[in-house]
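**Q** Just to be clear, the model below is a prediction. Sequence and coordinates:
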Amino acid sequence: MRLYICTILSALIISCSGDAEKQHSIDMSQLQEDLIAANKKATMLESEQIDHYIEKNKLELVKTQTGLRYQIYKDIEGEVISNNQRAVVQYTINLLDGTECYSTKEAVEEFTVGKDYVESGLHEGIQFMSVGDKAIIIIPSHLAHGLAGDLKKIPFRSTIIYDIELVAIK
């Protein structure tokens, strides 16, 4: 009798474990396609939100290949900053809804273009500026803080808007 019960239990365990494997198998190529489609949809939605913001505020921005948008609204003749140069800037960072996240109203900040740990969109956008220029740079989330935000004031998947002045190049 014990042998019979052990045999039945063994058969049940083996058959259940086989079903679990079938139930938990994931089609990786389908998952990848689904994730790509979801990312494209989210990126398109974010781009539409940026376009709406631009239209609502009557801005005339240039859009780059990466999706960054910028407008130099105070254009001073001069050499534009480039990689490996040190940018001295003043800025205010806002979200699309107008929420101010950060500002350097009373001070300046510095970073090395192409090297320091700032948003990749800022590295791109600052390179259209010369000393004295003021610009609006709209940075989509994939060029800003991505999925996680900055874990402080910038929420996940947020577009950020720099109102920035290039004070000096060092």
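**A** Sure, I can see it.
**Q** Tell me which residues of stretch 148-156 come out buried.
**A** For stretch 148-156, the neighbour count (16 or more other CB atoms under 10 Å) marks 149, 150, 154 as buried. In this view, the C-beta of every residue, glycine as well, is placed from N, C-alpha and C.
**Q** repeat for stretch 44-59
**A** Under the neighbour-count criterion of 16+ other CB under 10 Å, stretch 44-59 has 46, 50, 53, 54 buried.
**Q** got it, and stretch 80-96?
**A** For stretch 80-96, burial by neighbour count (16+ other CB under 10 Å) applies to 81, 85, 87, 88, 89, 90, 91, 93, 94, 95, 96.
**Q** Point me to the helix or strand that includes the fifth one.
**A** Translated: residue 89. Assessed by DSSP states H and E, residue 89 sits inside strand 86-95.
**Q** In helices, which of the buried residues of stretch 44-59 appear?
**A** Mapping the buried residues of stretch 44-59 onto helices (DSSP state H) picks out 46, 50, 53, 54.
**Q** Dump these to JSON lines, plus distance to residue 103.
**A** Rendered in JSON lines, the data for these read as follows (distance: CB to CB, whole Å):
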{"residue": "46", "distance to residue 103": "24"}
{"residue": "50", "distance to residue 103": "21"}
{"residue": "53", "distance to residue 103": "19"}
{"residue": "54", "distance to residue 103": "22"}
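**Q** which secondary structure elements does the helix or strand harbouring residue 70 contact?
**A** Taking DSSP H and E as the criterion, residue 70 maps to strand 69-74. The contact analysis (3 or more CB pairs under 8 Å, 6 or more residues apart in numbering; DSSP states H and E) places strand 69-74 against strand 62-63, strand 134-139.
**Q** The shortest one pairs with which strands?
**A** Sheet pairing for strand 62-63, assigned by DSSP bridges, gives strand 69-74 (antiparallel).
**Q** the inter-axis angle of the strand it pairs with versus strand 134-139?
**A** Strand 69-74 runs at 170 degrees relative to strand 134-139, counting by axes from the mean of the first three to the mean of the last three CA atoms, to 10 degrees.
**Q** And for strand 69-74, what's in contact with it?
**A** If you take CB atoms under 8 Å, 6 or more residues apart in numbering as the criterion, strand 69-74 is touched by 50, 54, 59-64, 125, 128-129, 132-138, 165.
**Q** Tell me the buried residues within those residues.
**A** Using 16+ other CB under 10 Å as the burial test, the contacts of strand 69-74 include 50, 54, 61, 125, 128-129, 133-138, 165 as buried.
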